[in-house]
Every structure is written in C-alpha cells, then in structure tokens.
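Undergrad: Just a sequence and a predicted model for now, questions to come.
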Amino acid sequence: MRTFHTIRRVALTVATATAFTGVHAAQLEEIVVTAQKRTESLQDIPISITTISGDKIEQAGIGNLEDLSAYVPNLMLSENAVATSIIMRGIGPGANQSFEQSVGLYVDGIHLAKGRQTRTGLFDLERVEVLRGPQGILFGKNTLAGAVNVTSATPQVGDEFGGKISVGFESHDGHTVEGNLNGSVSENLALRLAFKDHENDGYLPNSITGQDGPTTDETLWRFAATWEPSDNTSVKFKHAEGEHTRVGGTAVVKTLQPVANLGAAAQLAFGVIGGFFPSVGSNVAQGILDLNRDAVSIGGNALAASLGEATVPGEKPEGTDTENKDTSLNIDVDFGDGYTFTSVTGYSEYEYEDGIDTDFLPIQFVGRSDISEYDQISQEFRITSDPSRKFSYIAGAYWEEQTQEIDRIVVFDGTLGLPAPVMTAIIGAPSLLAIPPSVTGALGLPFGLNGVTIFNQAGRVSNWRQETDAWAVFFQGEWQLTDNLTLTAGARYTEEDKFAVASTRITTDTTGLATPNPSPLLAGALRRVAPTTFDHDFVEKRTTDQVTPGVSLEWARSDDSLYYASYSEGFKSGGFNAVDDQAPDLVRDTPPFTIPGDGWRYEDETATSFEIGGKHTLLDGAMNFNWSLFTSEYDDQQVSTFVGVGFVVRNAATSEVDGLETEIRWQATDNLFLGANVALLDASYGAFPTAGCTAEQASDIAGGAASSGSCTIRIGADGNALANQDLAGGSLTHAPDYSGSLFLDYNRPFNDTMEWFFAADVNFTDGYLLTGDLDPLDFQDSFQKLNVRAGMRGENWEFMVFGRNITDEETAAGGFDVPLLSGGHAIYTDPGEIYGARISYSF
C-alpha cells in the first residue's frame with residue numbers, strides 16, 4: 001500500500017536524527033509503563049505506544065477519553081445517542097449496545113468491556129498508556145486494535161499526609177472542583193481519597209425550547225489504599241464511583257435535502273417542518289448549530305412505571321443519567337529469586353436511564369427510552385519471572401463473567417404533537433397511525449372514529465439480556481539470544497459462552513404505552529412507519545474459542561537505539577444484536593415469532609498485524625524519537641449499519657489497514673520542552689458486499705430503479721428484503737489519512753519562589769467519513785484545534801488561565817441519517833471554544 005513508500009523517508013529520518021551526537025545538558029525524564037504487565041521503560045517496549053502523564057491530563061484540562069484522543073494519533077472516540085466507540089487505526093465498534101470494544105479499556109488492571117464505561121471522567125491519574133495494534137496475549141479478547149491502560153494515582157507507604165484542591169471556572173457557566181487527600185496512616189498502610197465535581201450549562205442553543213444544552217453534572221470519587229504487610233507483599237485496593245447526568249443532547253441536523261422518492265411519513269415531516277418551523281430549515285441552510293427540537297423522550301415515564309420506578313407527570317426530557325462503580329484489588333507477592341505472583345480481582349457495574357428525542361426534529365414524532373444495568377466480575381492470576389535472566393516469562397489465567405440487560409420503549413406519535421384538526425387538514429386523518437375502513441373491514445375489526453381506526457401513539461416495549469462467561473490462559477516468554485538480540489513469543493487461549501434473550505411487544509396508548517397489545521391492526525399501523533417491527537421472542541446461545549499468538553524480534557543496536565519487528569493476532573468476540581426492531585425469519589417462522597432473521601447473531605472478528613519500528617534516544621538523552629510502520633488485516637469485521645430508527649450488525653468480509661506512526665519528545669533546554677505525535681493511515685474495506693445503502697441510493701430504488709450505483713435489493717434467506725451495496729475499496733469511517741498533535745511547554749523563574757509558564761497544543765486531523773454507508777454528505781472536513789494555557793506557580797500554589805479550541809472549530813464526534821426523514825443528516829457535535837481560569841493549592 002502507499003504508506004510503505006514512506007519506509008525510505010523513515011530510514012532517512014532515523015539516520016539524520018541519530019547523527020546528532022553533540023553534548024546536550026538538558027535531559028528527558030524517563031517514562032515508566034506497565035504495557036507488558038511489568039514495570040519497564042517506554043524506550044524498551046517493542047510496541048507502538050503513546051503515554052500521557054497525569055500532570056499533563058490535569059494541566060491540559062483533559063476531562064475524558066474523547067479529550068485525550070486528540071493528543072494520540074490514530075486514536076478517536078465516536079459518541080452517539082446510545083454508545084461510545086473507541087477507534088484505533090480506523091477500527092472500532094459501531095452504534096450497538098451489545099458490542100464489545102475493538103480497543104480494550106483497562107483501569108487499574110481491570111477490563112471495562114462496554115462502551116458506556118468509556119464515558120467516565122478522567123481525574124487523579126498517574127498516567128494513561130495507549131497501545132496500538134493487537135494485544136491478544138497479555139490483554140486478551142476485544143483488543144484486536146489496541147488497548148488503553150489507565151493507572152490512577154496510588155498512595156505510597158511512607159508518604160507524609162497532604163493533599164490538593166483545585167477550583168476552575170470556564171465558558172458556559174462551567175465550574176470544576178477537584179482534589180485529593182493522601183498519606184500514610186501507619187508504617188505499612190497509606191490511604192488516598194480523590195474527588196471531582198463538574199457542571200456546565202451547555203454549549204448549543206435550542207431555538208424551539210429557548211434553552212441551551214446539554215447541561216452536564218458529573219460527580220466522581222475514588223478511595224485507594226496501599227497495604228504492605230511484609231517486605232515481599234503489596235496489596236492495593238481501589239474503589240471508584242461516579243454519576244454523570246446530562247439533560248439534552250448533542251445531535252444537530254446539518255443537512256435537510258429531501259430525496260426524490262419520499263415515503264408518506266417523511267413527506268409529512270418535511271411539510272410540517274417547512275410550514276410550522278421555518279427557522280429550522282433556515283438555520284440548517286446557514287450552517288447554524290442549533291438543536292432545533294422539543295427535546296423530550298416519549299414514553300420514558302411509561303417504561304419507568306412498568307419497571308416499578310417512581311415517575312413524574314409529563315414526558316421525561318431528553319438526556320442520560322449514568323451511575324457506575326468500579327473496584328479493583330491488586331496483590332503482588334515476591335517469592336524471591338525474581339519470581340512475582342500477582343492477583344488482580346475486579347468488579348464493575350453501571351446502570352443508566354437514557355431518553356432520546358429520536359426524530360431529532362421539532363415535531364413530536366419518535367421517542368426512545370432505555371433503562372439498562374450491567375455488572376462484571378473478573379479474576380486474573382499471573383506469575384512473572386526475573387526479566388534480567390537469559391529466559392524470562394509471564395504466565396497466567398483469567399476469568400470473567402458479565403450480565404447486561406436493557407429495557408426499552410420506542411414510541412411513535414402519529415399526531416406529530418399537533419392538534420387533531422390540524423393533522424386532519426393536512427392528511428385527512430388526525431394521526432399517521434390511522435387505518436382506513438377498507439382495511440379494518442377486510443380484517444373484520446371494529447371501526448374507530450368515522451369509520452377510521454386511529455392510534456395516536458403506538459410503539460414497542462422490549463427486554464434484551466445477555467450473559468457472558470469467559471476464561472483464558474496465556475504465556476509469553478522472552479529469550480536473550482545474544483547480548484543485543486531478543487526473541488519474544490507467546491499465545492493466549494480463550495473460551496467464551498454467550499446466552500441472549502430478546503423480547504419485543506407492540507404497544508399503544510389506548511391500553512398503555514408499556515402494555516403489550518396483540519392487535520394485528522395495531523401491528524399493521526405501526527409497520528407503516530417502522531417496517532421491521534414484530535412481536536418476537538428470541539433465545540440463543542453461542543460458544544467460541546480462539547488462539548491469539550504473537551512474536552517479536554528486538555535488536556538493540558546500542559544502549560540508545562532499539563529496532564523491532566513483530567507479528568500479532570487478536571479477536572473481538574461476537575454476540576447478539578441489541579436492537580429491538582430485529583426482523584424475524586419470515587421464511588421458517590410464523591407468529592408468534594421465535595426464529596431470528598439475518599443480523600441477530602454476529603460472529604467473531606479477527607485481526608493479524610505485522611509491524612516494524614524503532615525506539616531511539618538522541619542528543620545525550622535530551623530527545624526520544626520513536627516510530628512504527630504497520631500493516632494489518634481484519635476478517636469478518638463487525639459493522640453496524642443504520643436502518644430505520646436503529647442499527648443492525650453484519651460481519652464484513654475484510655478490512656485492510658496500513659500506516660506509519662511517529663513520536664518525538666525533545667527537552668530543548670531546561671525550560672523548553674517540544675513534542676510531536678504524527679500518524680499516516682490508509683484504511684479500506686477489502687470486501688463488504690452487504691453494506692447499507694445511502695439515502696439517495698435507497699430513494700432511486702424506491703422510485704423503481706433496479707439498482708443505484710452498487711446498491712441493489714436482495715431477498716435474504718430469512719425472507720426479508722435488504723438494500724445493500726458493495727463498499728470494497730471504500731475508506732473505513734473515522735480513518736483520516738493523517739492526524740497528530742504538536743505541543744510546547746515553557747517555564748521560566750520569576751523569582752526565587754515563583755515561576756511563570758506557558759503551554760500550547762495543536763491537534764490536527766485530515767477529513768474522514770462518519771457513517772457506515774460512506775455517504776459523502778456525512779463527512780468531517782480536516783481541522784486544527786489550538787489549546788493554550790499560561791500562569792504562575794509557587795511552591796504550593798498555581799494560577800492558570802486557559803483556552804481550548806480557541807479557533808472555535810466546529811467538529812463532529814459522529815454522524816447519522818435522521819430517522820424516517822430521508823435526506824436528513826445530523827452530527828453529534830463537539831464543544832467550540834472554551835476559556836477559563838483555575839487556581840490550585842497543595843498542602
């Protein structure tokens with residue numbers, strides 16, 4: 001691929017850089033990581049890895065993983081209404097709550113498996129390590145694109161009692177208070193308590209409600225203890241809890257271009273918007289970011305009441321309320337002679353309530369509410385030998401159990417929230433969910449008002465539950481073949497069982513929005529706007545086992561220069577689709593449906609990757625230059641495609657990803673630090689014949705065309721009609737050709753007790769596609785964001801002013817087609833410019 005033409009330039013760069021041999025007084029601080037399950041220098045790790053310290057995270061105002069991804073080339077986070085995806089080198093999961101991540105997230109040694117857990121805020125950290133490429137041996141399943149290894153601040157036995165408090169204020173009436181208390185309470189026990197509270201009033205206007213949104217309120221705390229009962233034993237316990245409440249959403253309609261062949265519901269929606277809400281079309285045409293919607297979640301209170309939870313009158317507002325708890329227990333025992341036994345026990349849980357204004361429009365058309373619970377327990381045992389020996393190894397066993405459950409209601413308001421006379425004047429009936437007498441008479445059903453059977457609101461209520469039980473054993477050995485040549489090899493064997501139950505029932509407001517109604521008339525009315533809505537009960541189990549090997553060869557050219565070549569494999573486990581409008585098998589099944597159709601079950605995704613790279617320490621320790629060149633192939637890639645008001649999952653044939661990653665850190669003087677992280681990427685589908693079609697293509701086919709581009713209609717083995725296109729050769733989403741970060745830190749003494757400081761970061765990326773159908777309308781243009789901060793600090797205090805994204809770039813965290821509005825496109829927006837100040841005091 002084209003990135004391999006850069007090999008010559010890489011070699012030239014290395015040769016030029018290593019030519020610097022002059023004396024240089026400034027020295028870089030050594031970066032220590034645990035990327036290979038033991039403490040090592042970053043420069044000794046044969047992996048493409050970027051590390052960001054806890055100090056940098058605090059100083060730069062990096063509040064979550066999405067903020068952090070801007071500083072790590074080839075890393076992105078894509079957030080949508082129901083899930084958050086970590087994307088590495090263009091590889092990541094789509095918008096489906098059943099998905100495992102392609103990039104594993106680990107906090108204090110515990111695997112946090114679900115996308116919702118990535119939304120937890122970052123605070124009081126020691127460092128974050130971002131490992132690129134498959135990590136199938138030491139980290140295991142669901143790391144086929146990489147891993148993010150987060151280490152929170154740990155109390156040290158012997159430390160004096162102390163602490164820190166910081167208070168910050170920023171744009172949009174935002175304020176943050178965070179701090180910690182830390183110290184030893186006895187000769188072998190140290191404790192630490194950290195907390196963070198953050199609020200803001202939102203950065204997007206909503207011309208329909210007259211209020212900005214989304215408002216955010218986040219409270220986090222963590223308790224940590226280190227106990228050393230003997231000279232050879234260390235016990236580290238950590239427990240963290242958090243609550244994240246967001247009222248409102250971040251989705252903004254960016255394009256309103258009706259396709260040629262609109263369905264009845266879409267024609268009506270466009271007409272009502274144009275007639276009753278003309279400012280919406282004007283805002284979109286001018287590129288004004290405005291939420292432009294009523295921001296309520298239809299049916300949220302009905303779902304909560306059906307589950308026995310307290311409710312309040314009226315509809316719930318759009319938003320999310322997530323509570324999470326994470327606990328880890330790490331025990332290290334030194335057996336002597338270089339052998340260490342490690343036990344890592346973890347427990348994690350979350351529960352959330354989501355309300356989504358699913359039509360994303362000012363009309364009251366479609367609403368969705370989810371109430372979900374998740375819990376996970378894990379245990380790992382490891383034995384590690386002395387790494388200084390000619391042969392050393394890490395061996396271990398791992399077990400994990402998960403339970404995930406989602407209760408959901410989706411409601412369609414056939415009145416669009418308009419008075420009955422208005423709707424009747426527009427369409428001849430007070431509701432879209434009205435069935436004419438000819439249909440009701442043919443079915444032998446009673447007539448409704450004036451011979452027309454009318455449902456004002458109808459929908460579906462569902463329950464989805466998945467249980468996972470997995471175990472693994474692994475071994476990785478390291479052989480010192482010569483004084484400067486090392487061979488590392490290993491493998492991991494994993495078995496996983498998943499059991500899923502999915503049930504959906506059609507409902508109506510005439511009997512209760514969360515109460516099933518088996519009327520075939522109701523089902524017919526609802527399928528006028530949601531064609532894949534069926535009562536169903538699916539139950540299925542799947543079992544998988546995988547072996548993920550890896551091998552690397554390292555050549556230490558000198559004490560300051562390391563070259564490596566590696567081969568690695570990884571996999572992401574399959575599962576069962578969590579969407580509630582999953583179509584049954586219409587060929588083999590009849591009501592009540594119990595046989596799922598195509599797209600309910602998806603299989604494992606696998607990866608193979610080759611990489612060569614180098615780690616170089618230059619200028620007498622003042623500069624580090626690291627690089628890696630890689631080529632990877634992903635088979636049976638799990639891809640989520642938007643259909644109607646939800647997403648379906650299919651396994652694409654192959655994806656091919658090539659690229660180059662470089663990192664330079666330079667302590668230019670005692671006062672000036674410079675750095676650059678830059679990546680090139682070429683990521684495309686090798687074959688994907690079952691990709692979803694764009695709205696324009698679907699419109700052409702609806703108008704009678706046999707095909708549009710590569711989009712054609714086919715009847716699946718389950719009897720359902722599918723519109724698919726072949727995206728072979730097309731770019732993966734969230735895969736820019738280049739991305740990176742440039743940064744500068746400067747400090748200078750002001751007097752004997754104070755110094756002033758200045759820092760600037762430039763985060764940049766090329767343009768990239770946002771949606772799985774590769775519609776060019778869903779595209780994020782290239783951009784650069786500039787962040788600056790400056791201030792004064794003394795021995796135990798600091799004052800800082802800052803600006804983030806001071807050029808006020810408008811960018812998207814994700815994109816999608818507006819449901820039931822063919823030709824409508826929307827994005828999930830990132831914040832624009834933010835200015836603020838912070839003061840900190842340590843004691």
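TA: All right, it came through fine.

Undergrad: alpha carbons only for contacts and neighbour counts from here, please
TA: Noted.

Undergrad: Poorly predicted segments of the protein, please.
TA: Applying pLDDT under 70 to the chain flags residues 1-25, 435-453, 641-648.

Undergrad: pretty sure residue 836 is in a strand, no?
TA: Yes - according to DSSP: H, G, I helix; E, B strand; the rest coil, the state of residue 836 is that of a strand.

Undergrad: What about it, how many residues nearby?
TA: Neighbour count of residue 836, defined by other Cα atoms under 10 Å: 18.

Undergrad: Apart from its chain neighbours, what residue comes closest to it?
TA: Excluding the flanking residues, the one nearest residue 836 by Cα to Cα, 6 or more residues apart in numbering is residue 170, at 3.8 Å.

Undergrad: my read: the one you found touches residue 801, true?
TA: No - assessed by Cα atoms under 8 Å, residue 170 is found out of contact with residue 801, at 9.5 Å.

Undergrad: and for these two, which residues touch both?
TA: 835, 836, 837 (Cα atoms under 8 Å, 6 or more residues apart in numbering).

Undergrad: thought the first one was touching residue 808?
TA: No - using Cα under 8 Å, residue 835 is not in contact with residue 808, being 10.8 Å away.

Undergrad: any idea which element residue 302 lies in?
TA: Secondary structure assignment for residue 302, by DSSP states H and E: helix 300-306.

Undergrad: ok, now how distant is residue 108 from residue 339?
TA: To residue 339, residue 108 is 21 Å away according to Cα to Cα, to the nearest Å.

Undergrad: One more: residue 471?
TA: Residue 471 sits 24 Å away from residue 339, going by Cα to Cα.

Undergrad: Show me which of these two is the more surrounded one.
TA: Higher neighbour count among residue 471 and residue 339: residue 471, with 19 against 16, using other Cα under 10 Å.

Undergrad: Helix or strand: which one has that one?
TA: Assessed by DSSP H and E, residue 471 sits inside strand 457-480.

Undergrad: Tell me the buried residues in stretch 369-387?
TA: Using 16 or more other Cα atoms under 10 Å as the test for burial, stretch 369-387 gives 369-385, 387.

Undergrad: again but with stretch 162-169, I slipped
TA: For stretch 162-169, the neighbour count (16+ other Cα under 10 Å) marks 163, 164, 165, 166, 167, 168, 169 as buried.

Undergrad: Reformat those as CSV; add distance to residue 141.
TA: Conversion of these to CSV gives the following (distance: Cα to Cα, whole Å):
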residue, distance to residue 141
163, 38
164, 38
165, 39
166, 39
167, 40
168, 39
169, 41
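
Undergrad: ok, so of those, who is nearest residue 228?
TA: Nearest to residue 228 among the buried residues of stretch 162-169 is residue 163, at 21.7 Å by Cα to Cα.

Undergrad: secondary structure class for the closest one?
TA: strand.

Undergrad: ok, for it, nearest residue in space, not its chain neighbours?
TA: Closest residue to residue 163 apart from its sequence neighbours, by Cα to Cα, 6+ apart: residue 181 at 4.3 Å.

Undergrad: quick one: residue 757 and residue 671, what's the gap?
TA: Using Cα to Cα, we find residue 757 at a distance of 9 Å from residue 671.

Undergrad: Show me whatever sits in contact with both of the two.
TA: 746, 747, 748.

Undergrad: Counting only strands, which of the buried residues of stretch 369-387 make the cut?
TA: Of the positions in these, 369-384 sit in strands, assigned by DSSP state E.

Undergrad: which of these sit farthest apart?
TA: Maximum pairwise distance among these (Cα to Cα): 47.5 Å, between 369 and 384.

Undergrad: in the protein, which spans are helices?
TA: Secondary structure of the chain (DSSP state H): helices at 7-18, 54-59, 65-69, 264-276, 278-286, 300-306, 420-427, 437-442, 520-526, 695-702.

Undergrad: Stretch 185-205: which residues count as buried?
TA: 188-205.

Undergrad: That one spans what distance, first to last residue?
TA: Taking Cα to Cα, stretch 185-205 runs 50 Å from one end to the other.

Undergrad: mind listing what residue 678 touches?
TA: By Cα under 8 Å, 6+ apart, the contact list for residue 678 reads 73, 661, 662, 663, 738, 739, 740, 741.

Undergrad: JSON lines for the residues you listed, including distance to residue 459 and neighbour count?
TA: Below are the contacts of residue 678 laid out as JSON lines (distance: Cα to Cα, whole Å; neighbours: other Cα atoms under 10 Å):
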{"residue": "73", "distance to residue 459": "43", "neighbour count": "28"}
{"residue": "661", "distance to residue 459": "49", "neighbour count": "23"}
{"residue": "662", "distance to residue 459": "51", "neighbour count": "23"}
{"residue": "663", "distance to residue 459": "52", "neighbour count": "23"}
{"residue": "738", "distance to residue 459": "44", "neighbour count": "21"}
{"residue": "739", "distance to residue 459": "43", "neighbour count": "26"}
{"residue": "740", "distance to residue 459": "45", "neighbour count": "25"}
{"residue": "741", "distance to residue 459": "47", "neighbour count": "22"}
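
Undergrad: With distance to residue 763 as extra columns, can I get those residues in a markdown table?
TA: Shown next, in a markdown table, are these (distance: Cα to Cα, whole Å):
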| residue | distance to residue 763 |
| --- | --- |
| 73 | 9 |
| 661 | 15 |
| 662 | 15 |
| 663 | 14 |
| 738 | 11 |
| 739 | 8 |
| 740 | 6 |
| 741 | 4 |
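
Undergrad: Out of those residues, the closest to residue 688 would be?
TA: Ranked by distance to residue 688 (Cα to Cα), the contacts of residue 678 are led by residue 738 at 23.9 Å.

Undergrad: The closest one reaches residue 677, doesn't it?
TA: No - in this structure residue 738 lies outside contact range of residue 677 using Cα under 8 Å: 10.8 Å.

Undergrad: you'd agree residue 88 is up against residue 132?
TA: Yes - with contacts counted by Cα under 8 Å, residue 88 reaches residue 132, the gap being 7.1 Å.

Undergrad: what do these two both touch?
TA: With Cα under 8 Å, 6+ apart as the test, residue 88 and residue 132 both reach 145, 146.

Undergrad: related to what we said a few turns ago, which two in the contacts of residue 678 are spaced the farthest apart?
TA: Based on Cα to Cα, the longest span within those runs between 663 and 738 and measures 13.7 Å.

Undergrad: which ones are touching residue 389?
TA: Residues near residue 389 by Cα under 8 Å, 6+ apart: residue 480.

Undergrad: before we move on, back to that, show me what the strand holding residue 471 is packed against.
TA: Using 3 or more Cα pairs under 8 Å, 6 or more residues apart in numbering; DSSP states H and E, the elements in contact with strand 457-480 are strand 391-413, strand 485-508, strand 512-516, helix 520-526.

Undergrad: Throw these into a markdown table and include distance to residue 263 and mean neighbour count, thanks.
TA: Shown next, in a markdown table, are the helices and strands packed on strand 457-480 (distance: least, Cα to Cα, whole Å; neighbours: other Cα atoms under 10 Å):
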| stretch | distance to residue 263 | mean neighbour count |
| --- | --- | --- |
| strand 391-413 | 16 | 21 |
| strand 485-508 | 22 | 21 |
| strand 512-516 | 25 | 21 |
| helix 520-526 | 14 | 20 |
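
Undergrad: need these in JSON lines with distance to residue 462, can you?
TA: JSON lines is the format used below for the helices and strands packed on strand 457-480 (distance: least, Cα to Cα, whole Å):
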{"stretch": "strand 391-413", "distance to residue 462": "5"}
{"stretch": "strand 485-508", "distance to residue 462": "4"}
{"stretch": "strand 512-516", "distance to residue 462": "9"}
{"stretch": "helix 520-526", "distance to residue 462": "15"}
